[in-house]
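Chemist: got a predicted structure here, sequence first:
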Amino acid sequence: MKIAIIGAGYGGMSAAYDLRQAGHEVIIFESANFVGGLAAGFKEPHWDWSVEKFYHHWFQSDSSMMGMIEELGLRDKVIFPRPLTVMLYKDNWYPFDSILNALRFPGLGFGINKIRFGFVGLFLRITNNWKALEKETADAWMMKWAGKKVYEQMWKPLLIGKFGPFYKDVNMAWMWARIKARTTRLGTFTGGFQKFADLFAEKLREMGVEIRLGANVKFIKQNQAGGMSIDAGGAVESFDKVLVTTSPNLMAKLCPDLPENYLKGLLELKSMGAVVMVLSLTQQLSKEGYYWFNLPKDAGFPMLALVEHTNFVPKEHFGGDHIVYAGDYLEAGHKYFSMSDDQLLEQFIPAFKKFNPAFERTWVKKVWVNKTNYAQPVPLVNHSKNIPAIQTPIHGLYFASMSQVYPWDRGTNFAVEIGRRAARIMLG
Ligand SMILES: Cc1cc2nc3c(=O)[nH]c(=O)nc-3n(C[C@H](O)[C@H](O)[C@H](O)COP(=O)(O)OP(=O)(O)OC[C@H]3O[C@@H](n4cnc5c(N)ncnc54)[C@H](O)[C@@H]3O)c2cc1C
């Protein structure tokens, strides 16, 4: 078969790997000039490692990703340091990256709340019955089982931060997946995620996969010969099968011929966007060496998370620069999407003194702002019924995106899993 894949993110590259190994001709169309998709990175000339445009790390439980890395012969390039994640309580930061640290967290008080927190955490780790959990919202479930104090202190800020106005609508299976599939140690690739994406693409090319960068697909149509036609700006090309790995919205635009029901399903899926600023600083921001600051929305910070990357990966890889991310998950149309980089910096800068009172504006060397409308799918109650099938109603057309990895939360690990699942279905 001659197969086209739209998108050279981890979903598209993983599908290409298996389809090529099965002996088919595979061409990847990628609109950007680089591979890696949402997990891509960039590099200053004096840096040895790249920095991800949107903060990224792996968990030790990311078995699909680790499996793929193993197959590519790159396992020795993966490292799993143990950076510190902290949570705010009454103007102080407390470690919050293990059950033990969570139990020590003063925000829960003593006695019954800690016990409820512990039992709820344990239950969610043990149970596999996410189907029962998706019937209720996380808001209602947590209020009932964890109690008001635990929910409002620990879980509600997370829901509000990730889902803003939709926080009360998100189902409990999302929270289950988050607690189930995460570890304290966080992983990255020697050289950064972009290095890994480039090595993956190099391997695909060696295997005979063609990767066309800067190839923006404009439409996909069924042709009279029973195949699929693709227009990527040049001559229209014909394929036996096509796999699309973009957002559901883009998929609907690319293939308007999809039956009404499938199109409606795509367009009804909700998601949040993200705006993330990357700063290079002359000094370390967190004197304590914290990596990830969880920031409750009601604490008045202009961002949801502050992440000091160089407290995870040594600054020596970045020519001595200290790398900090400040980011938020936002609804499309939020003012941050239309602000200039300078305006956004003005918005964020006053908060930096809260992480280090000595912070001065002169510490900022350079700023990059990355924005995406499609960053985090929003799973509503009984969401499993809303997931579009990988095999679309059009013969030869397939779709695999972040919105379909449910009940798991989006992540590069699940992009690999769904890419390989899509390849199996296409081969089947
Ligand atoms: C803020 C943020 C933080 C994250 N943190 C983590 C993390 O810590 N760990 C983790 O594992 N994951 C994280 N993720 C999620 C992770 O980035 C995604 O789950 C994963 O990259 C999705 O891969 P994909 O292949 O499904 O899609 P994408 O990476 O989105 O790939 C789709 C590709 O299609 C291309 N494309 C789109 N339209 C066209 C077109 N018309 N023609 C040709 N090409 C097109 C795009 O350019 C893109 O390269 C994070 C994401 C965000 C936004």
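Modeler: Looks like it came in fine.
Chemist: which strands and helices lie in contact with the lowest-mean-pLDDT helix or strand in the chain?
Modeler: Across the helices and strands of the chain, mean pLDDT, DSSP states H and E gives its lowest value to helix 99-104, namely a mean of 79. Packed against helix 99-104 by the contact rule (3 or more Cβ pairs under 8 Å, 6 or more residues apart in numbering; DSSP states H and E) you find strand 92-95, helix 112-126. Where C-beta positions appear, they are placed from N, C-alpha and C, glycine not excepted.
Chemist: list the buried residues of the last one.
Modeler: Residues of helix 112-126 classed as buried: 113-114, 116-117, 120-121, 124 (neighbour count, 16 or more other Cβ atoms under 10 Å).
Chemist: keeping just the C-alphas, turn it into PDB.
Modeler: Provided in PDB are the C-alpha atoms of helix 112-126 (Å, rounded to 0.1, in the frame of the first residue of the first chain):
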ATOM      1  CA  ILE A 112      -9.500  12.700  59.200                       C
ATOM      2  CA  ASN A 113      -8.500  14.800  56.100                       C
ATOM      3  CA  LYS A 114      -5.200  13.200  55.800                       C
ATOM      4  CA  ILE A 115      -6.800   9.700  56.200                       C
ATOM      5  CA  ARG A 116      -9.400  10.600  53.500                       C
ATOM      6  CA  PHE A 117      -6.700  11.900  51.200                       C
ATOM      7  CA  GLY A 118      -4.600   8.800  51.700                       C
ATOM      8  CA  PHE A 119      -7.500   6.400  51.100                       C
ATOM      9  CA  VAL A 120      -8.800   8.200  48.000                       C
ATOM     10  CA  GLY A 121      -5.300   8.200  46.600                       C
ATOM     11  CA  LEU A 122      -4.800   4.500  47.300                       C
ATOM     12  CA  PHE A 123      -8.200   3.600  45.900                       C
ATOM     13  CA  LEU A 124      -7.500   5.400  42.700                       C
ATOM     14  CA  ARG A 125      -4.100   3.800  42.400                       C
ATOM     15  CA  ILE A 126      -5.600   0.300  42.900                       C
END
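Chemist: I'd like the distance from it to the chain centre, please.
Modeler: Computed by Cα atoms, centre = their mean, to the nearest Å, the separation of helix 112-126 from the middle of its chain amounts to 26 Å.
Chemist: what sits up against that helix?
Modeler: 99, 102-103, 108, 142, 145-147, 149-150, 154, 175-176, 179-180 (Cβ atoms under 8 Å, 6 or more residues apart in numbering).
Chemist: these in helices, which ones?
Modeler: Under the assignment DSSP state H, the contacts of helix 112-126 contribute 99, 102-103, 142, 145, 149-150, 175-176, 179-180 to helices.
Chemist: could you dump those to JSON lines with neighbour count?
Modeler: As requested, these are exported to JSON lines (neighbours: other Cβ atoms under 10 Å):
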{"residue": "Ile99", "neighbour count": "13"}
{"residue": "Ala102", "neighbour count": "19"}
{"residue": "Leu103", "neighbour count": "13"}
{"residue": "Met142", "neighbour count": "22"}
{"residue": "Trp145", "neighbour count": "16"}
{"residue": "Lys149", "neighbour count": "15"}
{"residue": "Val150", "neighbour count": "25"}
{"residue": "Met175", "neighbour count": "24"}
{"residue": "Trp176", "neighbour count": "25"}
{"residue": "Ile179", "neighbour count": "15"}
{"residue": "Lys180", "neighbour count": "18"}
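Chemist: now these in CSV, with distance to the ligand?
Modeler: Below are the ones in helices among the contacts of helix 112-126 laid out as CSV (distance: Cβ to the nearest ligand atom, whole Å):
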residue, distance to the ligand
Ile99, 21
Ala102, 20
Leu103, 25
Met142, 23
Trp145, 28
Lys149, 29
Val150, 25
Met175, 17
Trp176, 18
Ile179, 16
Lys180, 15
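Chemist: from those residues, which one has the minimum pLDDT?
Modeler: Ranked by pLDDT, these bottom out at Ile99 (72).
Chemist: so what's it up against?
Modeler: Ile99 neighbours (Cβ under 8 Å, 6+ apart): 118, 121.
Chemist: for the contacts of helix 112-126, which one is nearest Thr392?
Modeler: Using Cβ to Cβ, Trp176 comes nearest to Thr392 of these, at 28.6 Å.
Chemist: domains in this protein, by residue range?
Modeler: Using automatic domain parsing, the domain parsing of the chain gives 2-39+192-269+387-427, 99-177.
Chemist: for the least confident helix or strand of the chain, C-alpha coordinates in PDB please.
Modeler: Extracted in PDB, the C-alpha atoms of helix 99-104 (Å, rounded to 0.1, in the frame of the first residue of the first chain):
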ATOM      1  CA  ILE A  99       2.300  10.200  48.900                       C
ATOM      2  CA  LEU A 100       4.600  10.800  51.900                       C
ATOM      3  CA  ASN A 101       5.200  14.400  51.100                       C
ATOM      4  CA  ALA A 102       1.500  14.900  50.400                       C
ATOM      5  CA  LEU A 103       0.700  13.500  53.800                       C
ATOM      6  CA  ARG A 104       3.100  15.900  55.400                       C
END
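Chemist: chain center to that helix: distance?
Modeler: On Cα atoms, centre = their mean, the centre of helix 99-104 falls 26 Å from the chain's centre.
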